[in-house]
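Peer 1: could you look at this predicted model? Sequence included:
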Amino acid sequence: MTSALLLDELDACADEGGLRRLGCAFARFIATLADVPPCVLLSCVLLSELESRGDTCLSLDDLVEDPCAKLHLTPEQCERLHRAIGSFPASKADWAQTFSRCEQVYTPGKTDHHQPLVLENDRLYLRRFWRDERSTARLVGMRAQTRRTVDPERAKALLDKMFPRARDEHEPDWQKIACAIAARSQVAIITGGPGTGKTYTVARLLALLYALSTRPQQLRFALAAPSGKAAVRLKQSIDKALQKLGDQVGGDIDVAGLMAAIPTSGTLHSLLGANPTTRAVRHDVNNPLDVDVLIVDEASMVHLEMMADVLEALPANAILVLLGDKDQLSSVEAGAVLGDLCDGAQAGNYDPETAEYVLRTSGERLPPAMVGTGSPLAQCTVMLRKSHRYGGAIGQLALAVNANEVARAQDILSQTADDAVAWRDRARQADLLDLAVRGRAGAEGGYARYLELVAAGPQDAGEAAHEEWVTKVLLAFDQFRVLCAVRQGDWGVEGVNEAIEQRLIQEKFIVRSGEWYAGRPVMVTQNDHAMGVFNGDVGVTLPDASAQKRLRVYFQGEVRVKSVLPTRLPHIETAYAMTVHKVQGSEYAHTVLALPNKSSAVVVRELIYTGITRASTWFTLCTPNAAVLQDGMYTQTKRISGLRDFMRQH
Ligand SMILES: Nc1ncnc2c1ncn2[C@@H]1O[C@H](COP(=O)(O)OP(=O)(O)OP(=O)(O)O)[C@@H](O)[C@H]1O
């Protein structure tokens, strides 16, 4: 009876917009399977809500405090739920007992009936997240314990060639250390902020593996990233780094042979042969990937399910290298895998045996404070600590935000000596629109530049001139971007896009007669394999090369531009302004970050850090209310996950 009452109250909360319907439907489904106490049904709804926020499980500690508090409901709605439930288990042990008595909850050690819920390590899981966390921990743990044999003299000779030491350099060369460590590992993690040389390092790692291999011509490499754009960027950066390396090392390493052996880079979805509609993958433990070395870039964006799939599909003797910035926003979907795996990366936690190996193979001495005891994975993890891209204000600002030094961040933002950083505080939306159209003094950017190119059109008739023009327009558009933290309101991506469009019409940069017009930038919001466009791809609408001036949307492909008819793109949104989440893995010469006028759970330190580090040359912060910056910097997202605990068990 109370269960029925609770389910009705939950539906009422969903009707009022306070809860996702999916969670309520899940609770109803569980109630049809067995006689389940109301507090367990509420936990089902909570699990579903938490999943939508990126958590993989529900901690019993949170339940003891107040299960309703986590639901973000009104006090009145909470009271109704409390009334329907009656009383809650009083302690963590009582909650654990309630769950373990429930038929629909599996507790490891008991008979497994494939129940939809699982209780382990004082956490309640939906079964698929429990399975993925366990399997990720098991497979990463197994790989971390496997050592490959490396000839230390040969490795040192190669590493010395690839990383010549500057005379005045006294700090350890973490890039060289990363290569030495990764060369003996079946799984390696190379983490670091933007411009710390993750790609530079991995290009050298590939050269090292190639040169150390007894059968280099047969080595099968694969490069992948969570988004198409990041995949394209990875291959371009590796090619560039290898070309330079070839000039540096001459004939000592067959860099040309290596470059020929490296295929184009793709998304993780395409690597695994994922079916976009069913989530099924073609490659798994029974049909493993045909690779010896897999490099995954932007690993902070890889969600739990994807990481578990990659690990399952990778042959046991293949080398997996994860590259990413552990401090960036986590994946949109549930999990914070890279952050969890990099738990001790800052501290190092290297064993004396690792320190000795690193010294022998690279000549680098690990700082004594970082040597002690650590997990097997810590022996395979390296954090790069020196930015080669930012010496100035942007780098300092990113560091201050990351270290939660609010006053220092505000000082850097307020200084006027360095044009790289500017702060528009107490901004009105009109200030943001000025920035969006013309940029600011001391910094290039503003959408006027690419729209002037659009208006000028190709220099000549013919396909070649058209393609040259399209490439220039896409390049110019990609120099500048307005980023928003939220979706709704005057400072959200929807309102800002609309306002920028109106301003561009007023200033006659665009002529809009319908939904589609020349110059309209759009972002794809759903993968479309048939059209070859993927979630997050950004293109610009332009007249095609024919005399009819029919509009097409042009995207930068890996080698050439590709185009799609607007009518073939049902899932897009205008992209003058984009959310910070959507631009992870991208970089613009000038980035403008607009924060909303009220603090919210979305504006957190990782988001501000990720926004700042999208800028390569100029960064402008636009805040209607400076308190939102402060509040955001103080707040760090803590995704609930049991991966760290599972890792400790392996
Ligand atoms: N040891 C080094 N010596 C000289 N230049 C370097 C070194 N390491 C990196 N760089 C240069 O610094 C720039 C940034 O390096 P890279 O792109 O590898 O960094 P990243 O960490 O992969 O950046 P992102 O966060 O954008 O992915 C590149 O131009 C690279 O050539």
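Peer 2: Everything's here; your move. Residues are numbered from 1 along each chain as shown.
Peer 1: tell me, how many residues neighbour whatever residue of the stretch 151-300 of the chain ends up closest to the ligand?
Peer 2: Nearest residue of the stretch 151-300 of the chain to the ligand: residue 197, at 3.0 Å (CB to the nearest ligand atom). Quick note: C-beta positions are derived from backbone N, CA and C, even for glycine. Neighbourhood size, residue 197 [other CB atoms under 10 Å]: 20.
Peer 1: phi first, then psi, for residue 457.
Peer 2: phi 70, psi 180 (degrees, to the nearest 10).
Peer 1: which residues sit in contact with the residue of the stretch 151-300 of the chain closest to the ligand?
Peer 2: 175, 384, 386, 388 (CB atoms under 8 Å, 6 or more residues apart in numbering).
Peer 1: what's the answer for residue 406, then?
Peer 2: So residue 406 contacts 630, 633-634 (CB under 8 Å, 6+ apart).
Peer 1: ok, residue 60 touching residue 122?
Peer 2: Yes: counting by CB atoms under 8 Å, residue 122 is a contact partner of residue 60 at 4.6 Å.
Peer 1: now do the shared contacts for those two.
Peer 2: 92, 96.
Peer 1: those two - which one has more neighbours?
Peer 2: residue 60 (21 against 17).
Peer 1: among the contacts of residue 406, which are located in helices?
Peer 2: Of the contacts of residue 406, the ones assigned to helices by DSSP state H are 630, 633-634.
Peer 1: buried ones from those, can you make that a PyMOL selection?
Peer 2: Per 16 or more other CB atoms under 10 Å, the buried members of those correspond to this PyMOL selection:
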select buried, resi 630+633
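Peer 1: secondary structure element for residue 455?
Peer 2: Using DSSP states H and E, residue 455 sits within helix 448-456.
Peer 1: what's the helix or strand just after that helix packed up against?
Peer 2: From helix 448-456 onward toward the C-terminus, using DSSP H and E, the following helix or strand is helix 463-477. Contacting helix 463-477 under the criterion 3 or more CB pairs under 8 Å, 6 or more residues apart in numbering; DSSP states H and E are the following elements: helix 448-456, strand 538-543, strand 551-556, strand 561-564.
Peer 1: could I get those as a markdown table with mean pLDDT and mean neighbour count?
Peer 2: Output for these, formatted as a markdown table (pLDDT from 0 to 100; neighbours: other CB atoms under 10 Å):
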| stretch | mean pLDDT | mean neighbour count |
| --- | --- | --- |
| helix 448-456 | 96 | 18 |
| strand 538-543 | 96 | 23 |
| strand 551-556 | 94 | 22 |
| strand 561-564 | 92 | 18 |
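Peer 1: quick one: residue 489 from the ligand, how far?
Peer 2: 30 Å (CB to the nearest ligand atom, to the nearest Å).
Peer 1: can you confirm that residue is in a strand?
Peer 2: No: Residue 489 is assigned coil when assessed by DSSP: H, G, I helix; E, B strand; the rest coil, not a strand.
Peer 1: who are the neighbours in contact with the nearest residue to it once chain neighbours are set aside?
Peer 2: In space, and not counting its chain neighbours, residue 489 is closest to residue 495: 5.6 Å by CB to CB, 6 or more residues apart in numbering. For residue 495, the contacting residues are 429, 488-489, by CB under 8 Å, 6+ apart.
Peer 1: ditto for residue 146
Peer 2: 185-186.
Peer 1: residue 262 too?
Peer 2: Contacts of residue 262 (CB under 8 Å, 6+ apart): 206, 221, 223, 235, 238-239, 242.
Peer 1: could you name the helices and strands sitting against the helix holding residue 455?
Peer 2: Using 3+ CB pairs under 8 Å, 6+ apart, helix 448-456 is in contact with helix 463-477, strand 538-543.
Peer 1: make it 7 Å
Peer 2: helix 463-477 (3 or more CB pairs under 7 Å, 6 or more residues apart in numbering; DSSP states H and E).
Peer 1: the longest strand along the chain and the ligand, any residue contact?
Peer 2: Identified as the longest strand of the chain according to DSSP state E is strand 615-623. No: counting by CB under 6 Å from any ligand atom, the ligand has no neighbours in strand 615-623; the shortest distance is 8.0 Å.
Peer 1: can you tell me the strand partners of that strand and which way each runs?
Peer 2: Sheet pairing for strand 615-623, assigned by DSSP bridges, gives strand 421-425 (parallel), strand 588-594 (parallel).
Peer 1: what's next to that strand, contact-wise?
Peer 2: Strand 615-623 has contacts (CB atoms under 7 Å, 6 or more residues apart in numbering) with 389, 394, 413, 419-425, 427, 431-432, 435, 440, 443, 445, 587-595, 612, 629.
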